[in-house]
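Enquirer: here is my input, please return the structure:
(4 chains)
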There are 2 protein chains.
Amino acid sequence: MEPHEPDLTAVPVTSVLAALADDVRLQIVRALAEGGESACGSFDFGVSKATRSHHLKVLREAGLTRTRAAGTSRLVRLRRDELDKLYPGLLDAVLTERPPA
Amino acid sequence: MEPHEPDLTAVPVTSVLAALADDVRLQIVRALAEGGESACGSFDFGVSKATRSHHLKVLREAGLTRTRAAGTSRLVRLRRDELDKLYPGLLDAVLTERPPA
DNA sequence: GGCGTCGTTCGATAGTTGTCGAACAAGGGT
DNA sequence: ACCCTTGTTCGACAACTATCGAACGACGCC
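Expert: Now for the predicted structure:
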């Protein structure tokens, strides 16, 4: 099964933004930005594995992540270079947790 | 009636992103970035005025715009300075129409 | 081969959101 | 005073989305 990872230029901006506009997914993206390539199971943000799988699918189909099989797990990584090239500043603006100053 | 314009630091990032993650609203934001302060009625993107009003409300409550009365109309403007300070690069990354290269 | 782990998919459900027409409200002009 | 223009608000409705448990599939290991 091809994991359906689209060309970023083919994804409408609104889809990229929508993918980031969810708390769980934003936490996943932040974890990926910090920790690099990680297994799906390493994201435990209080949702079931079905929900987690759903969010990872949304991120993948929005062009934000790539997934590859690794034995019994799947490794996910941020497509940071491509994102930074196509939307410079977007990730930086969004990645840092913002304390309610 | 206070137009309910929140402090930007009090708005969760996901709300800002969600506000931008809609085609109509993104067009409104782009028009505001280009044309500066404009009347609500100047945004005709193929939706009814009820829908337009709804979108402007979403933008306002996400801290993206400010609205002031001006006679019979209402003028809307982008809170660009605040946005650029709090989320540097966000608007720039999103404002330019992207031709499917 | 059989078992446990890891992840995806399915079906259901509840909540959110985009859209509209119609009704309403506020102002300005004549 | 009347009307027209400009926006907002109110249901209503359809579409989408986040969530879950359960069933399924793939892989490694014993």
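
Enquirer: quick check: which ranges of chain A have low pLDDT?
Expert: Scanning chain A for pLDDT under 70 picks out A:1-3, A:98-101.

Enquirer: repeat that for 50
Expert: A:1 (pLDDT under 50).

Enquirer: so what's the residue in chain A that DNA strand C sits nearest to closest to, chain neighbours aside?
Expert: Here chain A gets closest to DNA strand C at one residue, A:G41, 2.3 Å apart by CB to the nearest atom of the strand. For glycine as for every other residue, the C-beta is placed from the backbone atoms N, C-alpha and C. Counting by CB to CB, 6 or more residues apart in numbering or on different chains, A:G41 lies nearest to A:S73, which is 6.7 Å off, once chain neighbours are set aside.

Enquirer: doesn't B:G89 make contact with A:G89?
Expert: Yes. A:G89 lies in contact with B:G89 (CB atoms under 8 Å); the separation is 1.7 Å.

Enquirer: so A:R66, which of the three states?
Expert: strand (DSSP: H, G, I helix; E, B strand; the rest coil).

Enquirer: identify the bridge partners of it.
Expert: A:R77 (DSSP bridges).

Enquirer: now A:S38
Expert: Applying DSSP bridges to A:S38 gives these bridge partners: A:V76.

Enquirer: that one touches A:A31, doesn't it?
Expert: Yes. When contacts are counted by CB under 8 Å, A:S38 is listed as touching A:A31 (6.7 Å).

Enquirer: thinking again about what came up before, could you look up the SS state of the residue of chain A closest to DNA strand C?
Expert: Relying on three-state DSSP, one would call A:G41 helix.

Enquirer: tell me how many other residues crowd it.
Expert: A:G41 has 11 neighbouring residues, counting by other CB atoms under 10 Å in any protein chain shown.

Enquirer: wait, doesn't A:T51 sit right on A:V24?
Expert: Yes. With contact defined as CB under 8 Å, A:T51 counts as touching A:V24 (7.5 Å).

Enquirer: next up, the contacts around A:T51.
Expert: A:V24 (CB atoms under 8 Å, 6 or more residues apart in numbering or on different chains).

Enquirer: surely it is within a strand?
Expert: No. A:T51 sits outside any strand when classified using three-state DSSP, being helix.

Enquirer: roughly how far does it sit from B:R74?
Expert: To B:R74, A:T51 is 41 Å away according to CB to CB, to the nearest Å.
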